[in-house]
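J.: Dropping the sequence and predicted coords here.
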Amino acid sequence: MALYDFFLENSDCVAMHACEHPALQKFCKMVGMPPLNRKRLAGPVLDSRDAKTIADVDALLERQPIGVQLATDGWKRKNVNEAQKVQNFMANFPDGGSSFLTAHGTDGCTMDNHEYERILTEQIVALGERLGSINKVLGCITDREAAVQLAFDRLETKYHWLVNLVCQALGFSLLIKDLLKEFLPMGNTVEISNFEGNHAWFRRLLHEFRKAVYGHNLEIAAQVERRFETKVMVCQSIMCSAEALRKVVMDERYTSAAASNSTAETIHDLVTDLSFIADMESALRLLQPILALLLSLEADKPLLSQCLPLWLSVFQHVKTWAADEHLQTATLEAVLLKRFRKCYHPAMSAAYLCDAAFYTFDAESEAYTANEQRISDMAAHLKIDVWADATKVIQRIAGRPLMGKATIEMTTLHVNGLQDKDLGVELVQTLPSDVPGRSLFVKSIKVRRAVWGSQATMGKEYPAISPIAGQLLSLHATSCAPGTGLYGANYTAKTEVAWPCQGLRSSLQ
């Protein structure tokens, strides 16, 4: 049975038909084990694993008092013969964990907003049945953007308590793409990387001078599958080899080889141009902090309440960079705002105002109040009205019977803040601050639970909005599993072996 587990858990790198390899069968006979059988692996063994995993996930779902968020992301699973389109569905738990639910094949489907609405409705209803109530499905989050916006709007109208979001990791990833496209064309850096990969003589020269200058042979990063983020990594590695590159292109061996190669001549002109290195340094000063933020988003899975401070920090960073480079900020601001508006949901404002981690103690009123200076900065940079957007979302989630009471309580929260001193001390004083250079994420699951769980204890003061605050502070801001984003491990293999996956089952039989 252990060998069957090995094949299932490593199906991404070990072919299933290898279980019937003559050498393995001979080994099993030598140690007194029954021979492995591919049909048994694809049938009873996989069914048993499916049943156990489904039971474990159902037990997890039953232990969620507030509810869960439905997360979905899509990819193309590359097989030998064809690329199979799959839509992945997961449950995001309030404590920061996630669990795979199912995979939906989309081959042959026209994935417009109507099709997304149909698929999401089916998944919401199915998850609601497993939770015991559809009201425990708090919302959806997806790595799609334009295609699902209309579907999201119609679902929020149909189920008023839903909060449907776009993955913020996707938003920052596309922001990097926007900045590269509009201001920082890096085709030349990729050309240098490709030239090193395609010409052995250039590689040997570069290795020789790297050893002489730096004492290492670290190659220039290759652009992986034409991902735009890797252009930043290529730029970084070229900067680390700039001096060696200059010595290479000035060497006689390079000059003689470049005489018959136009690309080599172009690289010579680039490397000897001082403005090329200066432009790359400028580009890295802009993009490295955003790329680091993107990687942190995928690793730490922040809460929805932490999104606005993240976007505000990016806006401030980009504007500071533009001022240092003596550039006009109007065009930059237009690019930033266009991307932010595609990723923004008014629930971000509501979650931010419900998160006591962002409140400060006012000695005069002896209460914890929202940081009005930061809210003013958000209005100036992000062009949003935080209190107005938050009130609209909370009115919708509260529903018609409680809409008026929720509006009054939001006004009271704006004026009086959180009057419960013990609650404020517990939440605000123990959480790490979000000063520049420190993580904005509440990494401790225990503290995360305190952030949203303790809000429910405010029922005496804010009975209408306290359960809504608990819901908003349970929502994740990304749709990827922890550590499995653009640069994390591929979790397709980890999930498909534990669930009824038709693609895997058909390949085994």
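T.: That came in fine, so what should we check first?
J.: could you pull out the strands for the stretch 151-300 of the chain?
T.: Using DSSP state E, counting those that start in this stretch, the strands of the stretch 151-300 of the chain run over 163-166.
J.: Tell me where this protein has strands.
T.: 68-78, 83-92, 98-105, 137-142, 163-166, 359-362, 367-370 (DSSP state E).
J.: Could you dump those strands into JSON lines with mean pLDDT added?
T.: Shown next, in JSON lines, are those (pLDDT from 0 to 100):
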{"stretch": "strand 68-78", "mean pLDDT": "72"}
{"stretch": "strand 83-92", "mean pLDDT": "77"}
{"stretch": "strand 98-105", "mean pLDDT": "79"}
{"stretch": "strand 137-142", "mean pLDDT": "91"}
{"stretch": "strand 163-166", "mean pLDDT": "92"}
{"stretch": "strand 359-362", "mean pLDDT": "78"}
{"stretch": "strand 367-370", "mean pLDDT": "80"}
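J.: Now do the contacts for residue 18.
T.: 7, 24 (CB atoms under 8 Å, 6 or more residues apart in numbering). The C-beta positions use only the backbone N, C-alpha and C, and glycine is treated the same way.
J.: Kindly recompute the last result at 7 Å.
T.: Counting by CB atoms under 7 Å, 6 or more residues apart in numbering, residue 18 touches residue 24.
J.: distance of it from residue 46?
T.: 16 Å (CB to CB, to the nearest Å).
J.: before we move on, back to that, with mean neighbour count added, can I get the strands of the chain in JSON lines?
T.: Below are those laid out as JSON lines (neighbours: other CB atoms under 10 Å):
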{"stretch": "strand 68-78", "mean neighbour count": "20"}
{"stretch": "strand 83-92", "mean neighbour count": "20"}
{"stretch": "strand 98-105", "mean neighbour count": "18"}
{"stretch": "strand 137-142", "mean neighbour count": "26"}
{"stretch": "strand 163-166", "mean neighbour count": "24"}
{"stretch": "strand 359-362", "mean neighbour count": "15"}
{"stretch": "strand 367-370", "mean neighbour count": "20"}
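J.: How far does the longest helix seen in the chain sit from its chain's centre?
T.: Criterion DSSP state H: the longest helix present in the chain is helix 274-300. Offset of helix 274-300 from its chain centre (CA atoms, centre = their mean, to the nearest Å): 17 Å.
J.: What's the mean pLDDT across it?
T.: The pLDDT scores in helix 274-300 average 82.
J.: List the buried residues in it.
T.: Neighbour-count burial for helix 274-300, counted by 16 or more other CB atoms under 10 Å, picks out 276-277, 279-280, 282-284, 286-287, 289-291, 293-300.
J.: Distance check, the residue most central in space within the chain against residue 116.
T.: The residue lying closest to the centre of the chain (CA atoms, centre = their mean) is residue 169, at 3.4 Å. Noted for residue 169: a distance of 19 Å to residue 116, by CB to CB.
J.: What sits closest to residue 284 if chain neighbours are left out?
T.: Among residues not flanking residue 284 along the chain, residue 235 sits closest, at 6.0 Å (CB to CB, 6 or more residues apart in numbering).
J.: Identify the residues contacting the one you found.
T.: 186, 189, 280, 283-284.
J.: okay, these in a markdown table with distance to residue 268 next?
T.: As requested, the contacts of residue 235 are exported to a markdown table (distance: CB to CB, whole Å):
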| residue | distance to residue 268 |
| --- | --- |
| 186 | 19 |
| 189 | 15 |
| 280 | 17 |
| 283 | 21 |
| 284 | 23 |
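J.: Need the per-residue pLDDT for the closest residue to residue 350 other than its chain neighbours.
T.: For residue 350, ignoring the flanking residues on the chain, the nearest one in space by CB to CB, 6+ apart is residue 390 at 3.9 Å. With respect to pLDDT, residue 390 scores 94.
J.: Is there a neighbour count for residue 390? I'd like the number.
T.: When counting by other CB atoms under 10 Å, one arrives at 26 neighbours for residue 390.
J.: And the closest residue to residue 236 other than its chain neighbours, how far from residue 407?
T.: Spatial nearest neighbour of residue 236, excluding adjacent residues (CB to CB, 6+ apart): residue 284 at 6.4 Å. The gap separating residue 284 from residue 407 is 48 Å, by CB to CB.
J.: Next: residue 117.
T.: Using CB to CB, residue 117 is found at 30 Å from residue 407.
J.: wait, what's in contact with the residue lying closest to residue 281 once chain neighbours are set aside?
T.: Among residues not flanking residue 281 along the chain, residue 239 sits closest, at 6.9 Å (CB to CB, 6+ apart). Listed by CB under 7 Å, 6+ apart, the contact set of residue 239 reads 280-281, 284.
J.: how much space between residue 345 and residue 369?
T.: 24 Å.
J.: Also residue 333?
T.: Note on residue 333: its distance to residue 369, by CB to CB, is 29 Å.
J.: Could you do residue 213 as well?
T.: 56 Å.
J.: do the same with residue 362
T.: Taking CB to CB, one finds residue 362 at 5 Å from residue 369.
J.: any residues in contact with both of these two?
T.: Common neighbours of residue 362 and residue 369 (CB under 7 Å, 6+ apart) are residue 417.
J.: before we move on, back to that, between the strands of the chain, which one is nearest to residue 326?
T.: Shortest distance between residue 326 and the strands of the chain, using CB to CB, is found for strand 163-166: 33.9 Å.
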